[in-house]
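A.B. asks: missing the sequence, but the structure's below:
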Ligand SMILES: [Zn+2]
């Protein structure tokens, strides 16, 4: 091939061609070289290269015109004709070959197609625990309206868990919070956990709610305060479908100069609508907790029947959810706040309860078995 | 507390159908948890949940009083007036209170010639409908009054009381009593008892004694109706494990003005059901009659707490309906006296709560409070979120495990120098210590799933661990990982891959990558719960961050896993302290990077990290990265004392395209250093 092109670059005189038959011989050689190369071309990319070399190249044209088609050449008509024949041949051969190759490609693609219904390949994502997701959702709603998330120790003193929350040693409210005590002295706790005042119990305990963190927050920070406290809590209950000796709580506290029962209601209603949906209505029933007054039990309209009554809500239309209320002024005394100028509200909700209601989980124990068939249902 | 709806309606008219009544009472604070037909067909039973502050609601009359206030309806008065005989009670019995702090009042009525026998049908049916057993007419009458008025009373067989005396005193050291349930109980000096001249005959406010109980032979009766101290009652009931209808009420605080009326109501029933006669005059020992406190209620405070003003008539209407006495003094201030049955109302805020709940919580408008402060987010929250995201992206499912665990399992993961923190009152031995490591239950979680046919598992848990060290107790945050089975399952075009140590290490590295820690080091460690051949401590800048490795075969067997498992635990206190690494821009090189592979022959025991260290110490500015690509221990022309490590090094210059010559020189320096420092040889092709 190279040889042929080199030959073309020479003058006919140098090649010793002087008759039309010599010219035809030379072009026959050129055509044979082209045909051979075309024969070896098996794909469209190669064909494109071939086209560039033979037809697209300006050099060949110029060479022939300068060296072979000069007026003095005796064979210029023969060269002109042969060259035109050759160009025509190249043009049509390339076109033919293209059609042939395109048909082949089409055939091959059709034969080679993948089963697109095969499963895709990907790393399966891990699932965040439903309790974590629910806590994040609840805390996120409160963060949007100015609450900061704070955490605190799980092993507490009697003072922070009970006394500072207006639940003295023999208070009947302790009945609902049967408590685990640790077999070690309170003095073994780090100084910041022991805090300012000794409690009546010489033994630390596993906190029965996350409210002690509210006391710790108020001890550290002057008002205004607006916090939510997520975390594990412990009550000495035998496990069943609705009880667990460990569960999760989110408690919240807002203390400021002009927070009233109306702000308390507004905040709780906002939260429940955000969590359960905009159609949710809220019921506030009077209740009693030592650390709030007035106190309320909160219920939301059953999202299954939208309040009409069904099996899930035991025909009441309401799902009882959590307790809350205005902070009892007695609590301010424990943390050195001025009760006459301040007011606030507090609330405490069981995270498992919210997750069960929202996602239809019917057994509390599922949250702690870590069965992947359960966990992976809530993958996001 | 169970209330018979039909009985309740004997005292007050309810102007609402039952479902609405239930709803409205619940909203006002008398929570009706359920309702249904009473046992024995006695009507409709309402199941009430009485809060600890409202012992006055633990009776039909108490609930009726609340309903009357709620609906502004009159409450039928109960004013018992039993006829009395001529003989004075004071001559037939004597009452002394030796512990006046613990017993503020003791009323005794004395009866002669009662005929103890079965109760009439109407009485036994009513008691049974409310869940109490019928015993005899005298005892049943006291129980009826308990359900009706809420005040506990107790009937003694007068003839069994030594010297017909009642002495209210604390127990003597070593004193015992056989209670009505037939159990002999040893008393402590702070337990309050009712005694006769010789011995304790009842546990005050809790339960009577067997030796003085009413029997079919009883003819003469001393009826007790008293007031006992809540805390004393509660302590004794708790210590003796004896919770009764009476103790439930006394420990929440009974009405000190109620005993006489309750006793007289009993007397009416005794005379009606058992005949006989009531001796004249109640013995009423009441050394310091109740002085109700006067509470101040300010209109301004009502508005400050509740957020809207309440009109004066509304305030007074609610308080009067609930039995409070009040008068408006100067300006918008009331002087209020709470009724004797409302011992829970002791301050202004208690009054405001009464107003709010009877006014109706649903009538208050809802407002969102203005935020005065930006929301603070602790850096740990961000860090934990990054960790979760990293691990979930790698297929780790989040587990949550119990804090109390089995001590035998906990011992296996206890760090040297740590001691287990025990519970004093665990639910069982199985859950009696606080977990010293997240692995105790995370390995358990592997077993749980393997036993249910789930064999390819990856778990993470972010939680706390608890232990004693050097006499001090600590709770620390940790990240725990556990994995087993296949890392990748077989699929079209991909072979299956088992989870192995390097997969675990990769997860640890990926989790820690976003943190501003010094470069991680992995060194062999001696943790006994890990496989001796595959275990490491991870550290950064000389600080140990945690352990990782294959679970020891002994533990695989102990937990019945039946397949290898890989575990890790990292100290998050150290990780959080380092904080997240802020990303920083590095200029990109415009020149191509060139990768070169080196097949090294190394002596056994020369680790990849040694190779990396030698290369890094050269501090070649053109060195962009180096990593191990393959490793062989046998085969081919490997000499027996050597193994082969294929490393890939990437060179790049920020200033120019590296020439073949430059790359050759860099490669030579690298190989030379490895030969000189590690005795490495290049494997010839
Ligand atoms: Zn429903």
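C.D. replies: Everything's here; your move. Just so it is clear, the model here is predicted, and its values are computed rather than measured.

A.B. asks: dump the residue contacts of residue 226.
C.D. replies: Using chain A here. A:146, A:147, A:148, A:253, A:254, A:255, A:256, B:371, B:373 (Cβ atoms under 8 Å, 6 or more residues apart in numbering or on different chains). C-betas here are computed from N, CA, C, even on glycine.

A.B. asks: um, chain B though
C.D. replies: By Cβ under 8 Å, 6+ apart, the contact set of residue B:226 is B:103, B:105, B:106, B:107, B:168, B:204, B:205, B:259.

A.B. asks: one more time with 7 Å
C.D. replies: Listed by Cβ atoms under 7 Å, 6 or more residues apart in numbering or on different chains, the contact partners of residue B:226 are B:103, B:105, B:106, B:107, B:259.

A.B. asks: count of neighbours near the fourth one?
C.D. replies: Residue B:107: 23 surrounding residues under other Cβ atoms under 10 Å in any protein chain shown.

A.B. asks: let's have the contacts of residue B:226 in TSV, adding pLDDT, distance to residue A:75 and secondary structure.
C.D. replies: Formatted as TSV, the contacts of residue B:226 follow (pLDDT from 0 to 100; distance: Cβ to Cβ, whole Å; DSSP: H, G, I helix; E, B strand; the rest coil):
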residue	pLDDT	distance to residue A:75	secondary structure
B:103	97	145	strand
B:105	97	146	strand
B:106	97	149	strand
B:107	97	149	strand
B:259	97	145	helix
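
A.B. asks: looking at the contacts of residue A:226, which one is closest to the ion?
C.D. replies: residue A:147 (29.5 Å; Cβ to the ion).

A.B. asks: just give the number of residues close to the closest one.
C.D. replies: As a burial measure, residue A:147 scores 25 neighbours (other Cβ under 10 Å).

A.B. asks: so it sits against residue A:229, correct?
C.D. replies: No - if you go by Cβ atoms under 7 Å, residue A:147 and residue A:229 don't touch, sitting 9.7 Å apart.

A.B. asks: in the lowest-mean-pLDDT helix or strand in chain B, what counts as buried?
C.D. replies: Least confident element among the helices and strands of chain B, by mean pLDDT, DSSP states H and E: strand B:325-328 (a mean of 88). If you call a residue buried by 16 or more other Cβ atoms under 10 Å in any protein chain shown, then strand B:325-328 has these buried ones: residue B:326.

A.B. asks: quick one: strands adjacent to that strand?
C.D. replies: Looking at strand B:325-328 with DSSP bridges, its partner strands are strand B:333-337 (antiparallel).

A.B. asks: just after the strand it pairs with, pick out the following helix or strand.
C.D. replies: helix B:348-359 (DSSP states H and E).

A.B. asks: got the contact list for residue A:171?
C.D. replies: residue A:290.

A.B. asks: report the lowest-confidence entry in the contacts of residue A:226.
C.D. replies: When those are compared on pLDDT, residue B:371 comes out lowest, with 83.

A.B. asks: from what I see, that one and residue A:148 are in contact.
C.D. replies: No - between residue B:371 and residue A:148 there is no contact under Cβ under 7 Å: 10.6 Å.

A.B. asks: more neighbours: the two, which one.
C.D. replies: Neighbour count, other Cβ under 10 Å: between residue B:371 and residue A:148, residue A:148 has more, with 20 against 15.

A.B. asks: does the more buried one touch residue A:227 like I think?
C.D. replies: Yes - Residue A:148 is within contact range of residue A:227, at 5.3 Å (criterion: Cβ under 7 Å).

A.B. asks: if we can go back for a sec, could you dump the contacts of residue B:226 into JSON lines with distance to chain A added?
C.D. replies: JSON lines is the format used below for the contacts of residue B:226 (distance: Cβ to the nearest Cβ, whole Å):
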{"residue": "B:103", "distance to chain A": "17"}
{"residue": "B:105", "distance to chain A": "21"}
{"residue": "B:106", "distance to chain A": "22"}
{"residue": "B:107", "distance to chain A": "25"}
{"residue": "B:259", "distance to chain A": "21"}
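
A.B. asks: which residue, other than its chain neighbours, is closest to residue A:334?
C.D. replies: Using Cβ to Cβ, 6 or more residues apart in numbering or on different chains and skipping residues adjacent in sequence, the residue nearest residue A:334 is residue A:164, 4.1 Å away.

A.B. asks: mind checking how far stretch B:646-653 is from the chain centre?
C.D. replies: Distance, stretch centre to chain centre, for stretch B:646-653: 58 Å (Cα atoms, centre = their mean, to the nearest Å).

A.B. asks: kindly report the same for stretch B:113-132.
C.D. replies: 41 Å.

A.B. asks: do stretch A:21-30 as well
C.D. replies: For stretch A:21-30, the distance to the chain centre is 72 Å (Cα atoms, centre = their mean).

A.B. asks: look up the pLDDT of residue A:187 for me, please.
C.D. replies: On the pLDDT scale, residue A:187 is placed at 93.

A.B. asks: and if you look at residue A:2?
C.D. replies: Here the pLDDT value assigned to residue A:2 is 60.

A.B. asks: how does the chain divide up, domain by domain?
C.D. replies: Using chain A here. For chain A, automatic domain parsing gives the domain ranges A:4-111, A:130-378.

A.B. asks: chain B, not that one
C.D. replies: Split by automatic domain parsing, chain B gives B:2-71, B:89-285, B:294-360, B:384-489+B:500-578, B:594-682.

A.B. asks: which residues in the stretch 551-685 of chain B form strands?
C.D. replies: Under the criterion DSSP state E, counting those that start in this stretch, strands of the stretch 551-685 of chain B are mapped to B:565-571, B:594-603, B:623-632, B:642-651, B:681-682.

A.B. asks: out of these, nearest to residue A:378?
C.D. replies: Residue A:378 lies closest, by Cβ to Cβ, to one member of these: strand B:565-571, at 24.2 Å.

A.B. asks: which strands and helices sit next to that closest one?
C.D. replies: Here strand B:565-571 touches helix B:439-450, strand B:472-484, helix B:501-512, strand B:543-551, going by 3 or more Cβ pairs under 7 Å, 6 or more residues apart in numbering or on different chains; DSSP states H and E.

A.B. asks: for chain B, what's its nearest residue on the stretch 101-250 of chain A.
C.D. replies: residue A:146 (3.2 Å; Cβ to the nearest Cβ).

A.B. asks: which SS class is that residue?
C.D. replies: Three-state assignment for residue A:146 (DSSP: H, G, I helix; E, B strand; the rest coil): coil.

A.B. asks: where's it relative to residue A:224, distance?
C.D. replies: Between residue A:146 and residue A:224 the computed distance is 9 Å (Cβ to Cβ, to the nearest Å).

A.B. asks: find residues that contact each of these two.
C.D. replies: Applying Cβ under 7 Å, 6+ apart, one finds that residue A:146 and residue A:224 are jointly contacted by residue B:373.

A.B. asks: next one: stretch B:106-117 to chain centre, how far?
C.D. replies: On Cα atoms, centre = their mean, the centre of stretch B:106-117 falls 47 Å from the chain's centre.

A.B. asks: swap that for stretch B:167-185, sorry
C.D. replies: Centre-to-centre, stretch B:167-185 and its host chain are 34 Å apart (Cα atoms, centre = their mean).

A.B. asks: gap between the two ends of that stretch?
C.D. replies: One end of stretch B:167-185 to the other measures 19 Å (Cα to Cα, to the nearest Å).

A.B. asks: before we move on, what about stretch B:33-44?
C.D. replies: End-to-end for stretch B:33-44, by Cα to Cα: 13 Å.

A.B. asks: OK, contacts around residue B:192?
C.D. replies: B:99, B:102, B:103, B:168, B:170, B:204, B:228, B:232, B:236.

A.B. asks: for it, grab phi and psi.
C.D. replies: phi -90, psi 130 (degrees, to the nearest 10).
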